[in-house]
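A.B. asks: A predicted structure for the sequence below; I have some questions about it.
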Amino acid sequence: MSFIRTATTARSAAAAARRFSTEAPAQKKSNNLALYLMGAGIAGIGGYFYFSNVQKPKQTKSPLDPDNWVDFKLKKVIPYNHNTSRFVFELPNGQASLLPISSCVIVKSSDPEALKDANGKPVVRPYTPISHSDKEGELEFLIKGYETGLASKHIHGLKEGDKLSIKGPIPKWPWKQNEFEEVGLIGGGSGITPLYQILKHALPDPSNKTKFKLIFANIAPADILLKEEFDEWKKKYPNNFDVVYTVDKPTPDWKGPSGYINAELIKKEIASPELKEKTKIFICGPPGQVDAIAGKKAGMKQGELGGILKQLGYTEDQVYKF
Ligand SMILES: Cc1cc2nc3c(=O)[nH]c(=O)nc-3n(C[C@H](O)[C@H](O)[C@H](O)COP(=O)(O)OP(=O)(O)OC[C@H]3O[C@@H](n4cnc5c(N)ncnc54)[C@H](O)[C@@H]3O)c2cc1C
């Protein structure tokens, strides 16, 4: 980040200097002043380069550790809707997480006594950060709270300044820009975060050519997470991103499809399996939804392809279950 800022500053300073040098001399006095300011500016830029390079060497290591639990301090809680909040954790010394795309982390309570299952074992759950991997000093999650949910209830009970133990990254699909012509994303509820992570990384990249289509299922319109960002991306990247929302319980003003994601909707909205290796479908949602659409996951493994996607002719290679 600081490199980009430095390069941009240098570019605009150089452009300013070029502008100065090609301008016709208006008055000798003011020209001298301009030269003086320019000299001082260049010295300043030199200093900026020097200090930014000396004080902030390029970060190569993540503050997260895939082999050990590290406690991070909760910096901010930002309520999102009736059951979901954003949780922003502090990364020490302004470091970035450097998480690969795509990946998640696993979390548990920093107090070993505070969060245990019925057998007395620590409760560990995966969550996908929604902040950019190069976001300095912060790691942000969007977490839905379940009244009977062990980990989510614990996290929703944390106060600013409290700590959470985090381990990661846990690598998921190793995303490569432009590996696919068309990507279908199928999300359910808070299962949207891994799909959001890919989109947030891929879409702003000017080299991106992949066309993404997201089908996002929720209980009711009020449950749709990150809708404002998806709607903005649809406007900003009209040739590369589109989204369809479906809800189980539509409100009277709901205009989109309703009910569960079915074969008809997938056939209509998502790239055909005939695109072979040029397409990939990513799915993340509650286990029942993943099972019905793509077949059960086998623990951390992908499990056999089943459900609607298999019926529609997609192959195992074309589908990735988060
Ligand atoms: C790769 C991955 C990334 C994830 N990222 C996120 C994320 O960024 N944000 C987030 O909020 N969640 C995310 N989850 C889900 C998260 O890991 C937990 O499963 C969820 O928070 C519930 O855990 P719990 O301990 O609170 O509930 P549990 O004690 O495990 O279960 C309590 C109740 O919640 C229900 N339940 C459990 N999980 C789900 C679910 N996913 N959808 C619907 N009902 C469920 C159970 O049926 C049960 O009724 C992710 C899951 C995976 C596999």
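C.D. replies: Looks like it arrived, so ask away. Numbering: from 1, shown residues only.

A.B. asks: how near is the most centrally placed residue in the chain to the ligand?
C.D. replies: For the chain, residue 197 is the residue whose C-alpha lies nearest the centre (C-alpha atoms, centre = their mean; 2.5 Å). Counting by C-beta to the nearest ligand atom, to the nearest Å, the separation of residue 197 from the ligand is 9 Å. Just so you know, the C-beta spots here come from the backbone N, C-alpha and C atoms, and that holds for glycine as well.

A.B. asks: counting contacts, what elements does whatever helix or strand that residue lives in pack onto?
C.D. replies: Using DSSP states H and E, residue 197 maps to helix 193-202. If you count contacts as 3 or more C-beta pairs under 8 Å, 6 or more residues apart in numbering; DSSP states H and E, helix 193-202 packs onto strand 182-188, strand 211-218, helix 227-236, strand 279-284.

A.B. asks: Check the burial of residue 315 by counting its neighbours.
C.D. replies: Neighbours of residue 315 under the rule other C-beta atoms under 10 Å: 12.

A.B. asks: do you know how far it is from the ligand?
C.D. replies: Where the ligand is concerned, residue 315 sits at a distance of 22 Å (C-beta to the nearest ligand atom).

A.B. asks: Got the phi and psi for that residue?
C.D. replies: Dihedral pair for residue 315: phi -100, psi 170, per degrees, to the nearest 10.

A.B. asks: quick one on the thing from earlier: give me the pLDDT for the residue nearest to the centre of the chain.
C.D. replies: Predicted confidence (pLDDT) for residue 197: 98.

A.B. asks: do residue 13 as well
C.D. replies: Value for residue 13, per-residue pLDDT: 37.

A.B. asks: got it, and residue 57?
C.D. replies: 76.

A.B. asks: now it: how far from the ligand?
C.D. replies: Look at residue 57 and the ligand: by C-beta to the nearest ligand atom, they are 31 Å apart.

A.B. asks: what does residue 247 give?
C.D. replies: From residue 247 to the ligand the distance is 15 Å (C-beta to the nearest ligand atom).

A.B. asks: Relative to residue 120, which of the helices and strands packed on helix 193-202 is closest?
C.D. replies: Shortest distance between residue 120 and the helices and strands packed on helix 193-202, using C-beta to C-beta, is found for strand 279-284: 30.1 Å.

A.B. asks: So which residues lie in contact with that closest one, not counting its own?
C.D. replies: Outside of strand 279-284, the residues within contact range by C-beta atoms under 8 Å, 6 or more residues apart in numbering are 173, 179-188, 191-195, 198, 270-273, 290, 293-294, 309, 314, 318-322.

A.B. asks: Residue 181: what's its closest spatial neighbour, skipping adjacent residues?
C.D. replies: Of all residues not flanking residue 181 in the chain, residue 278 sits nearest, at 4.2 Å (C-beta to C-beta, 6 or more residues apart in numbering).

A.B. asks: OK, contacts around the one you found?
C.D. replies: Contacts of residue 278 by C-beta under 8 Å, 6+ apart are 180, 181, 182.

A.B. asks: Now a PyMOL select for only the buried ones of those.
C.D. replies: Filtering the contacts of residue 278 down to the buried ones (16 or more other C-beta atoms under 10 Å) takes a single PyMOL command:
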select buried, resi 180+182
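
A.B. asks: From the contacts of residue 278, pick the one nearest the ligand.
C.D. replies: Nearest to the ligand among those is residue 180, at 20.3 Å by C-beta to the nearest ligand atom.

A.B. asks: hmm, back to that, switch the helices and strands packed on helix 193-202 over to CSV; also include distance to residue 153.
C.D. replies: CSV is the format used below for those (distance: least, C-beta to C-beta, whole Å):
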stretch, distance to residue 153
strand 182-188, 20
strand 211-218, 21
helix 227-236, 25
strand 279-284, 21
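
A.B. asks: mind checking pLDDT for the residue in the chain that the ligand sits nearest to?
C.D. replies: Here the residue of the chain nearest the ligand is residue 149; by C-beta to the nearest ligand atom that distance is 2.3 Å. Here the pLDDT value assigned to residue 149 is 95.

A.B. asks: do you know how far residue 237 is from residue 119?
C.D. replies: Residue 237 sits 47 Å away from residue 119, taking C-beta to C-beta, to the nearest Å as the criterion.

A.B. asks: Who has more neighbours out of the two?
C.D. replies: Shown here are residue 237 and residue 119; by other C-beta under 10 Å, residue 237 has more neighbours (17 against 5).

A.B. asks: Surely the more buried one and residue 206 touch.
C.D. replies: No - look at residue 237 against residue 206 with C-beta atoms under 8 Å: they stay out of range, at 10.8 Å.

A.B. asks: All good on my end, thank you.
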